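Trainee: Prediction below, plus the sequence it came from.
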Amino acid sequence: MRPAVFLRDRLPRYLILAVASALVLIFLFTFHVPAECVVIVSVLALIGAVITELWEFFRRRSFYDKLSSDLEQLDRKYLLPEMLEEPEFLDGRILCTAVQEADKSMHEQISAAHRENSDFREYIEMWVHEIKLPVAGLQLMCHNDGNTRYAEQLRRIDEYIENVLFYARSGSAEKDYIIKPVTLKRVFSDIAVRNREELQERCISLRTEGLDTEVLTDAKWLSFILGQLMNNSIKYEADEIAVTAEVLPDRTVLHFRDNGIGIPAADLPNIFEKSFTGENGRTHGGSTGMGLFIVKKLCGRLGHAVSAASVQGEYTDISVTFGKNELYKPE
Amino acid sequence: MKILIIEDDSALRSELSVLLKNAGYDPVCAEMTEIPAQMINSGADLILLDINLPGTNGETLLQDFRKRSTTPVIMLTSRTSELDEVLSMSYGADDFVTKPYNPTILLLRISAVLKRSAKTGTAQTYHDAEVSTVRGSLTRGGNEQILTKNEMIIFQLLLDRIGEIVTRDELMTALWDNDEFVNDNALSVNISRLRAKLGELGFPDAIVTRKKQGYVLI
């Protein structure tokens, strides 16, 4: 709080005081009070007023300056009420009470929303597990009846179900993953087997290199991530998918490269954004813009970096970088 | 081979049982009461255990069961969670399969677990030829034929089900499950090479093609 601001704020009060003092002086002069007396009274009154104003100024300044600097330093500004110290002056106390009440009410609101959100998430998780039973049942029925017609549709249903599950997981604050050493080969061949029929139908060849290496991740989450990348490669007309791992001293980089239609340079910076479908989405359809968004979020939560490189009409290369941080390692 | 199915979803249970029966196993479905006693007394060679069961939990069941028996157990679950898998494996599960499962893969897993638990120290044989998976070879009377990894996977699967039809789909799944991402042509080439090698050993017509069905090793 700068003195000038304070003085300007008090200006109406000074004007009223000045008018009142002028009236008092006129009054004193009309009653022929001796000039010495008038001077002494005026000086005393002035000293009193200055002291009062200085006191007012300093106690307010100490409160409001702390408030402003706290606010500036906090990266989560809503925590301000926790830092408030109640001042002695009345309007400050009223302010504090009001802020704290508002804060309390906001907390209640937020925790209600949190509860609702986590209830919903729990329900989604439960629903996913339930819906998988009939899907599994149908899959077995198809197999037992020797009917392969529905298998592909069932696989698609399962894929969409997984998307919902992992979307719910990607946004949750709970830690429902386990980081442990996982062999890339194990995860990748699981995905490959799951997509075998479609890959063979479209004559897509797979090439792998260096996947015998271990990375620190959650196998189920990584499996979902690689599954999404494989779906994209299939969707965008690849006929060769090359998956290679590159082991560097401080990290392992997994390249998932296909020779499909590629991504236009203008779209490339946005492919990990929510609901972004871009030119390929328009020309190919069936794109929700969620796949890579979820991939990015999951990678973020697991601490992996994900990036894309592509030349339209030539290739798309999505790379996932796994850290080798010792902190990650379980004992 | 007797397999005990512990699954509360009745549709899944009966389909699983059909699947296993078609694959030549002897499936038994457990009642949803007194499961631990059934696990002990069934005399099954393998147990398929669901994790989500009414009023109980497959992981707890497994933990108690492992104190009394070493019968192989494959956990089935619709929960795609690493935590469940890690827990199950630490409680002594032999494998962990998530629903919905590819039926062919499930069968492969079952036969792999059964084979592991059989622990037959004796070498496998095909007629009078000796099969060595370690060396990746077939030997008959001093004549040794080295098989490639793919040929060995194919031969093993045919040998495990000798006299039965093995579909191309099953062979393909087995190869892919072993990180050999071959295509249709490569499978045909592998089969004809395997035939040639078996021919060298004096079994020229060992692998019979059944049109539109698959292959039979005789």
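Mentor: On my side now, so go ahead.

Trainee: In stretch B:199-213, which of the residues would be classed as buried?
Mentor: B:Leu201, B:Phe203, B:Ala206, B:Ile207 (16 or more other C-beta atoms under 10 Å in any protein chain shown). C-betas here are computed from N, CA, C, even on glycine.

Trainee: Which residues are in contact with the third one?
Mentor: Yep, that's B:Ala206 we're talking about. B:Tyr126, B:Arg195, B:Leu198, B:Leu217, B:Ile218 (C-beta atoms under 8 Å, 6 or more residues apart in numbering or on different chains).

Trainee: Who are the packing partners of the one helix or strand B:Leu19 maps to?
Mentor: B:Leu19 is located in helix B:10-22, with elements delineated by DSSP states H and E. Contacts defined by 3 or more C-beta pairs under 8 Å, 6 or more residues apart in numbering or on different chains; DSSP states H and E place helix B:10-22 against helix A:90-144, strand B:2-6, strand B:26-29, helix B:103-118.

Trainee: Give the partner strands of the third one in its sheet and their orientations.
Mentor: In other words, strand B:26-29. Sheet pairing of strand B:26-29 (DSSP bridges) gives strand B:2-6 (parallel).

Trainee: what does chain A put close to chain B?
Mentor: Counting by C-beta under 8 Å from any C-beta of the partner chain, chain A comes close to chain B at A:128-130, A:132-141, A:143-144, A:154, A:158, A:162, A:165, A:176-178, A:180, A:185, A:189, A:192-194, A:196, A:199-200, A:203, A:205-206, A:208, A:218-221, A:224.

Trainee: Residue ranges of each domain in chain B, please.
Mentor: B:2-118, B:124-217 (automatic domain parsing).

Trainee: what's the most buried one of those?
Mentor: The highest mean neighbour count among the domains of chain B, using mean count of other C-beta atoms under 10 Å in any protein chain shown, belongs to domain B:2-118: a mean of 18.

Trainee: which ones are touching residue 159?
Mentor: Since no chain was named, I'll use chain A. Listed by C-beta under 8 Å, 6+ apart, the contact set of A:Glu159 reads A:Gly227, A:Asn231.

Trainee: Can you look at chain B instead?
Mentor: Shown in contact with B:Leu159 (C-beta under 8 Å, 6+ apart): B:Gln124, B:Tyr126, B:Val131, B:Leu217.

Trainee: Of these, which is the nearest to chain A?
Mentor: B:Leu217 (21.8 Å; C-beta to the nearest C-beta).

Trainee: and stretch A:307-323, how far from the chain's centre?
Mentor: Counting by C-alpha atoms, centre = their mean, to the nearest Å, stretch A:307-323 is centred 24 Å from the centre of its parent chain.

Trainee: Span of it from start to end?
Mentor: Stretch A:307-323 has an end-to-end distance of 14 Å (criterion: C-alpha to C-alpha, to the nearest Å).

Trainee: What residues of that stretch count as buried?
Mentor: A:Ala308, A:Ser310, A:Gln312, A:Tyr315, A:Thr316, A:Asp317, A:Ile318, A:Ser319, A:Val320, A:Thr321, A:Phe322, A:Gly323.

Trainee: what residues does that stretch touch?
Mentor: Applying C-beta under 8 Å, 6+ apart, the external contacts of stretch A:307-323 come out as A:215-217, A:225, A:229, A:232-233, A:236, A:238, A:250-265, A:268, A:271-272, A:299, A:303-306.

Trainee: What of stretch A:267-275?
Mentor: By C-beta under 8 Å, 6+ apart, stretch A:267-275 touches A:263, A:276, A:278-280, A:288-290, A:292-293, A:295-296, A:306, A:308, A:310.

Trainee: with those in mind, which one is nearest to chain B?
Mentor: Using C-beta to the nearest C-beta, A:Val295 comes nearest to chain B of the contacts of stretch A:267-275, at 15.6 Å.

Trainee: on that earlier part again, quick check: the farthest pair among the buried residues of stretch B:199-213?
Mentor: With C-beta to C-beta as the measure, no two of the buried residues of stretch B:199-213 lie farther apart than B:Leu201 and B:Ile207, at 12.5 Å.

Trainee: got a list of contacts for the helix or strand bottoming out on mean pLDDT in chain B?
Mentor: The least trusted helix or strand in chain B, going by mean pLDDT, DSSP states H and E, turns out to be strand B:124-126, with a mean of 82. Contacts to strand B:124-126, defined as C-beta under 8 Å, 6+ apart, come from residues B:Glu130, B:Val131, B:Thr133, B:Leu138, B:Leu159, B:Ile162, B:Phe203, B:Ala206, B:Leu217.

Trainee: Doesn't the fourth one belong to a helix?
Mentor: No - B:Leu138 sits outside any helix when classified using DSSP: H, G, I helix; E, B strand; the rest coil, being strand.

Trainee: That one contacts B:Glu144, doesn't it?
Mentor: Yes - with contact defined as C-beta atoms under 8 Å, B:Leu138 reaches B:Glu144; the gap is 7.2 Å.

Trainee: Report the contact partners of the residue lying farthest from the centre of chain B.
Mentor: Residue distances from the centre of chain B (C-alpha atoms, centre = their mean) peak at B:Gly142, which lies 31.2 Å from the mean C-alpha position. For B:Gly142, the contact set (C-beta under 8 Å, 6+ apart) is empty.

Trainee: For it, what are phi and psi?
Mentor: When quoted as degrees, to the nearest 10, the phi and psi of B:Gly142 stand at phi 80, psi -10.

Trainee: State the distance from it to B:Ala129.
Mentor: 11 Å (C-beta to C-beta, to the nearest Å).

Trainee: can you check B:Met1 too?
Mentor: B:Met1 is 25 Å from B:Ala129, where distance means C-beta to C-beta.

Trainee: in chain B, which spans are strands?
Mentor: Under the criterion DSSP state E, chain B contains strands at B:2-6, B:26-29, B:46-50, B:52-53, B:56-57, B:73-77, B:95-98, B:124-126, B:129-132, B:137-140, B:143-146, B:165-166, B:207-210, B:214-217.

Trainee: same check, this time on the stretch 201-331 of chain A
Mentor: For the stretch 201-331 of chain A, the strands defined by DSSP state E, counting those that start in this stretch occupy A:205-209, A:214-217, A:240-247, A:251-258, A:305-311, A:315-323.

Trainee: Now tabulate those in CSV and tack on mean pLDDT.
Mentor: Formatted as CSV, the strands of the stretch 201-331 of chain A follow (pLDDT from 0 to 100):
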stretch, mean pLDDT
strand A:205-209, 91
strand A:214-217, 92
strand A:240-247, 94
strand A:251-258, 94
strand A:305-311, 94
strand A:315-323, 94
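
Trainee: In this structure A:Tyr64 contacts A:Phe6, no?
Mentor: No - with contact defined as C-beta under 8 Å, A:Tyr64 does not count as touching A:Phe6 (9.8 Å).

Trainee: thinking again about what came up before, are any of the contacts of stretch A:267-275 buried, and which?
Mentor: Buried among the contacts of stretch A:267-275 by 16+ other C-beta under 10 Å: A:263, A:276, A:278, A:280, A:289-290, A:292-293, A:295-296, A:306, A:308, A:310.

Trainee: Distance to A:Ser105 added to the domains of chain B, as JSON lines?
Mentor: Converted to JSON lines, the domains of chain B look like this (distance: least, C-beta to C-beta, whole Å):
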{"stretch": "domain B:2-118", "distance to A:Ser105": "37"}
{"stretch": "domain B:124-217", "distance to A:Ser105": "58"}
